[in-house]
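Q: Return a 3D structure for these sequence lines:
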Amino acid sequence: ATLRDLAARRGRREALGLAPRNLLDLTESPKGSGRAAFAGSVAEVASDVRRVRALGADWMTFDLPRAGVPAMVRAMERLAGEVKPAVA
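A: Residues are numbered from 1 along each chain as shown. I've put the predicted structure just below:
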């Protein structure tokens, strides 16, 4: 069930938006079970995006690594160049 379905079951009929904010931690290798959402390999993060989208998210916001501007730029490049195509 999507978040909208769950809200409708409780009588909430007005528009309901979902736009989660997530800490992005892209790694070169998979983190496996027990990892935080949006932490891990491109495939793991893409899977998280698909799961949240299936819940009815209209968009998602990501907090980038705080290890300096180059790390932030690299995370944005990987998100756009690797994760986004893997989700499509």
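Q: Next up, the contacts around Ala7.
A: Applying Cβ atoms under 8 Å, 6 or more residues apart in numbering to Ala7 gives the contacts Leu16. Just so you know, the C-beta spots here come from the backbone N, C-alpha and C atoms, and that holds for glycine as well.
Q: in what helix or strand does the residue most central in space within the chain lie?
A: Nearest to the mean C-alpha position of the chain, by Cα atoms, centre = their mean, lies Val49 at 3.9 Å. Using DSSP states H and E, Val49 falls within helix 42-54.
Q: Sticking with the residue lying farthest from the centre of the chain, tell me its helix or strand.
A: Note on the chain: the largest C-alpha distance from the chain mean falls to Gly11, namely 27.8 Å (Cα atoms, centre = their mean). Remark: Gly11 resides in no helix or strand, with elements defined by DSSP H and E.
Q: gap between it and Leu18?
A: 18 Å (Cβ to Cβ, to the nearest Å).
Q: same question, Leu6
A: Leu6 sits at a distance of 11 Å from Leu18 (criterion: Cβ to Cβ).
Q: can you check Ala37 too?
A: 14 Å.
Q: Stretch 8-18: how far from the chain's middle?
A: 22 Å (Cα atoms, centre = their mean, to the nearest Å).
Q: contacts for that stretch?
A: Contacts of stretch 8-18 (Cβ under 8 Å, 6+ apart): 1, 3-4, 7, 52, 55-58.
Q: Which members of those residues are positioned in helices?
A: Using DSSP state H, the members of these that fall in helices are 3-4, 7, 52.
Q: Now the two most distant members of these.
A: Ala7 and Val52 (16.0 Å; Cβ to Cβ).
Q: Show me how to select, in PyMOL, the buried members of the contacts of stretch 8-18.
A: Command for PyMOL that selects the buried part of these, burial taken from 16 or more other Cβ atoms under 10 Å:
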select buried, resi 7+52+56+57
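Q: Looking at the contacts of stretch 8-18, spot the one nearest Glu44.
A: Of all the contacts of stretch 8-18, Val52 has the smallest distance to Glu44: 13.0 Å, by Cβ to Cβ.
Q: ok, now how distant is that closest one from Met72?
A: 22 Å.
Q: Tell me where this structure has strands.
A: 21-23, 25-26, 39-40, 61-63 (DSSP state E).
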